[in-house]
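> the following block contains a protein sequence and its predicted model.
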Amino acid sequence: MSDNIIEIKNITKEFPGVRALDNVSFNIKKGEVHALVGENGAGKSTLMKILSGVYKPTEGEYIVKGNKVYFSNTKEAQENGISIIYQEFSLVPYLNTIDNIFLGREITNNKFLNRRTMRKKAEETLEKINVSLDLDTPINELTVAEQQFVEIAKALSVDADILILDEPTASLTEGEIDHLFSLIKTLKDNDVTMIYISHHLDEIFEISDRVTCLRDGKCIDTVNTDETNESEIVKMMVGEELKDSFNKIENKNTSDISEEIILNVKKLKRPGIKDNLKFNLYKGEILGIAGLVGAGRTETIRSLLGIDEYEEKEVYLEEKKVSLKNASDSLNKGLGLIPENRKTQGLVTDLTVKENISLTNIMELRNKYGFINSKKEKEQTKRLVNDLSIKTPSIDQHVKNLSGGNQQKVVLAKWLATNTKVLIFDEPTRGIDVKAKSEIHKLIQSLANEGKGIIVISSELPEVMSLSDRVLVMHKGKIKTSLEGKDINSKKIMYYATGGEN
Amino acid sequence: MRQNNGFSLKKIYKNQLFWTFSGFIVLSLIMSIFSEQFFTYSNIINVIRQVSINGVIAVGMTFVILISGIDLSVGSVMAFSGTMMVAAMVNWGWPVTLAILFGLFIGFVFGLINGSLVAFLKLPAIIVTLAMMEVPRGLALLYTGGYPLSGVPDTFGFFGRGYVFNVIPAPVMILALMYFIGYIILTKLPIGRYIYALGGNEEAVKLSGINVKLYKIIPFVISGVTASVSGLIISSRLMSGQPMAGTGFELDAIAAVVLGGTDIAGGRGSIIGTLLGALLLGVLSNGLNLMGISPYAQRVVKGVIIIGAVYFSSYKQK
């Protein structure tokens, strides 16, 4: 028997109108961390869904542990030791850790739940991976990182020896990522094979043994991680050298920032936070908000816009006092939010590209009788699709069929359709591939150059540092400091983000 | 990634409307084999006339279900508004037009109450409208003492019994008009777009700066008004106000919407589908009547067909 735990042979998967995987073949060795890279839409997720029994391949086969298998559901995959940890977790929010780990395979004693044994086994599993958390807390009260650990523990408790990690660090803070990596090393020592999907090349170099690159549904190559370098992998992913490295913005032009304050938050008090928050934003400025997950960045913005509750608020937009009572009030005054989760907050995925884009301004696209002027709507959509180079077969394509990067562009297009003065981006490039990421960064920069005020919340330090003219660092709901120029560096940001004082 | 935008069999196969339409045709053919009377002009007009009451209610129901709501109060609202129209004419001596407007206003008010409770107090629509099955019904019974109210002027009979241009029955005309208006609202006006979007993803709509509460209320108001239009048809047809009219009509309306391919979870569906769904149900009950099948057995058949249709449509979506 070879040392290959999984052999993927000539797998092709077709969806109506789309060939998601095209004759893909490669092997995964037992006990290795095998990174899988590729732009969004390259077919990574589809391939992993086939391996975990969600989809069936149109053609081709895969051999797991020497046996030719054909999973028709996830349970069969699990029985063969394959578990997948999704970007969006599949835990039941109101149940606690124990109940989640044993969901569907509860240990019983004469038909009654045997809580004691389950608790003991859960503790053992968590101990094995060096994770400590309160077993009785409902999942929805745990942090994202903790939820992920529970998910992994759940997989291990069914004796999974092949783990698929799909963008596991997407919403983790730096410290949590370190924790995850040491966990991956522990798992590797325990002979668990891992397939690691990520857009973050630094992670791949830190953690993986081999890398396979997919592009447009085809397998480009598999290489040993220590025999390659970042630019080689990026080249495989995009098929061409990216001219500018993704943490440098070409047309950065600080002199475009005017003296004029576009948004002045004099007072913002959130429930449960003692301090009043105070900050301002200049015309043409990109203001980054950095902080660890849980620092209250998203919550602050949501209270500012009246989406979530606030206790007190005094805000001036272009020197006029505005009340920003609720989302529609803020947004009609010209403050747009590109929310952190595009699928659940940014888009109506069942609607088309056109319908999503005009959601913000369809009232302005009416003719004099009040009907939607479909010609105008089409023109507007085509213009924006062009301007943002959104890749879609047609403007009537359902948004759910687009890749992540293009979906994010559609969310952005919504706000460009209306006359927004201030655009707030919450994690603008989460889960988006390198190329789309740099495109979105350029768009943000050019919007600032046009004189809009921009706020960018991001958990990725390189993103905040490369984009921002000024960075606010938040910690536990408070703004710790405001950094400018040379002071914008990872050392300083992390110092304040972890609670350091001036 | 190429996408076939033109004519494709797969697309048609995926289209619920196609299946509802085929079901409608096949059912009509079967019925015409079993019954000679079925395919006659007078019977067809008869079917559409019978469909009109449920069909009109189903227009409003489509709006409500599209925002992933439900309106169980339609039968009671229909009875109350229909009864109060008659009361306005008979007991208070109001002119016919004013009395009708009064009835429609009652539907509007109950829709507004339903919608406001759902939008502002964030109560589940199924509970709010379940409770609202009781209130208007109770008011109708209270006012009439449980007896039908009769003695309306002859002119009032036009809406349920009359003919437009001496050929098209008035209820059929009303039905066509309501579907036309519903179609325009859903496909040509921003409200329609918001309703689809709201059913698809409320959070995204909210963050797009749209007044979510308003667009949650509107479908319930439309449903209240269409229920009272049905009240108009039935009171006019029976020339009396019937406080016990419309019991169980909410089920028929929901069935028409679901048979027509509207997703019960909201966000997807069409008003044309609902019309086909209502016609399908009409043909079914008419055909079974002509075949002499007991009305009790018909209820069983209807239930089975609804489950089959829902299964079929959810199966296809996979």
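Alright, I've got the coordinates. Numbering: from 1, shown residues only, chains lettered A, B, ... in the order given.
> what are the phi and psi values for the residue of the stretch 151-300 of chain B found nearest chain A?
For the stretch 151-300 of chain B, the residue closest to chain A is B:Gly209, as judged by C-beta to the nearest C-beta, at 2.6 Å. C-betas here are computed from N, CA, C, even on glycine. Main-chain torsions, B:Gly209, degrees, to the nearest 10: phi 80, psi 20.
> just the element for the closest residue in space to it that isn't next to it in sequence, please.
Nearest non-adjacent residue to B:Gly209, counting by C-beta to C-beta, 6 or more residues apart in numbering or on different chains: A:Leu331, 2.6 Å away. Assigned by DSSP states H and E, A:Leu331 falls within helix A:327-333.
> so how far is that helix from its chain's centroid?
26 Å (C-alpha atoms, centre = their mean, to the nearest Å).
> just checking, what packs against that helix?
helix B:202-207 (3 or more C-beta pairs under 8 Å, 6 or more residues apart in numbering or on different chains; DSSP states H and E).
> spit out the contact partners of the residue of the stretch 151-300 of chain B closest to chain A.
A:Ala327, A:Ser328, A:Ser330, A:Leu331, A:Asn332, A:Gly336, A:Thr360, A:Thr418 (C-beta atoms under 8 Å, 6 or more residues apart in numbering or on different chains).
> same question, B:Gly160
Applying C-beta under 8 Å, 6+ apart, the residues near B:Gly160 are B:Ala170, B:Pro171, B:Leu232, B:Ile233, B:Ile234, B:Ser235, B:Ser236, B:Arg237, B:Leu238, B:Met239.
> could you do B:Phe158 as well?
So B:Phe158 contacts B:Ala170, B:Ser236 (C-beta under 8 Å, 6+ apart).
> cool, B:Asn289 as well?
B:Asn289 touches B:Pro295, B:Gln298, counting by C-beta under 8 Å, 6+ apart.
> name the element it belongs to?
Per DSSP H and E: helix B:271-290 holds B:Asn289.
> do A:Glu340 as well
Counting by DSSP H and E, A:Glu340 is part of no helix or strand.
> would you check how far apart it and A:Thr298 are?
Going from A:Glu340 to A:Thr298 by C-beta to C-beta, to the nearest Å gives 6 Å.
> by neighbours, which of the contacts of B:Gly160 wins?
Counting by other C-beta atoms under 10 Å in any protein chain shown, B:Ser235 has the largest number of neighbours within the contacts of B:Gly160, with 33 neighbours.
> what about that residue, which helix or strand?
Applying DSSP H and E, one finds B:Ser235 within helix B:212-238.
> which parts of that helix are buried?
B:212-213, B:215-238 (16 or more other C-beta atoms under 10 Å in any protein chain shown).
> same question, stretch A:219-238
For stretch A:219-238, by 16+ other C-beta under 10 Å, it's A:Cys219, A:Ile220, A:Thr222, A:Val223, A:Thr225, A:Thr228, A:Ile233, A:Val234, A:Lys235, A:Met236, A:Met237, A:Val238.
> list the residues that contact B:Gly157.
With C-beta under 8 Å, 6+ apart, B:Gly157 has these contacts: B:Ser236, B:Arg237, B:Met239.
> relative to A:Thr108, which of these is nearest.
B:Arg237 (60.7 Å; C-beta to C-beta).
> skip the chain neighbours and tell me the closest residue to the closest one.
B:Arg237's closest residue in space is B:Gly160 (C-beta to C-beta, 6+ apart), at 2.9 Å.
> now do B:Thr83
Using C-beta to C-beta, 6+ apart, the closest residue to B:Thr83 is B:Gly241 (3.5 Å).
> distance of A:Leu365 relative to A:Gly296?
Taken as C-beta to C-beta, the span from A:Leu365 to A:Gly296 is 37 Å.
> what helix or strand is B:Thr187 on?
Short version, using DSSP H and E: B:Thr187 is in helix B:170-188.
> how far is that helix from where the chain is centred?
For helix B:170-188, the distance to the chain centre is 11 Å (C-alpha atoms, centre = their mean).
> how about it: buried residues?
B:170-176, B:178-179, B:182-183, B:185-188.
> now, which of these lie close to chain A?
Among the buried residues of helix B:170-188, the residues within reach of chain A (C-beta under 8 Å from any C-beta of the partner chain) are B:Lys188.
> just name the shakiest helix or strand of chain B by mean pLDDT.
helix B:9-14 (a mean of 59; mean pLDDT, DSSP states H and E).
> centre-most residue in chain B?
B:Ala58 (1.6 Å; C-alpha atoms, centre = their mean).
> by contact count, what packs against the helix or strand that one falls within?
Secondary structure from DSSP H and E places B:Ala58 in helix B:41-66. Applying 3+ C-beta pairs under 8 Å, 6+ apart, we find helix B:41-66 packed against helix B:74-90, strand B:168-169, helix B:170-188, helix B:190-200, helix B:212-238, helix B:249-259, helix B:271-290.
> give me that answer again for 7 Å
helix B:74-90, helix B:170-188, helix B:190-200, helix B:212-238, helix B:249-259, helix B:271-290 (3 or more C-beta pairs under 7 Å, 6 or more residues apart in numbering or on different chains; DSSP states H and E).
> for that helix, buried residues please.
Quick answer for helix B:41-66 (16+ other C-beta under 10 Å): B:43, B:47-66.
> just stretch A:195-204 next, same as before
In stretch A:195-204, counting by 16+ other C-beta under 10 Å, buried: A:Ile195, A:Tyr196, A:Ile197, A:Ser198, A:His199, A:His200, A:Leu201, A:Glu203, A:Ile204.
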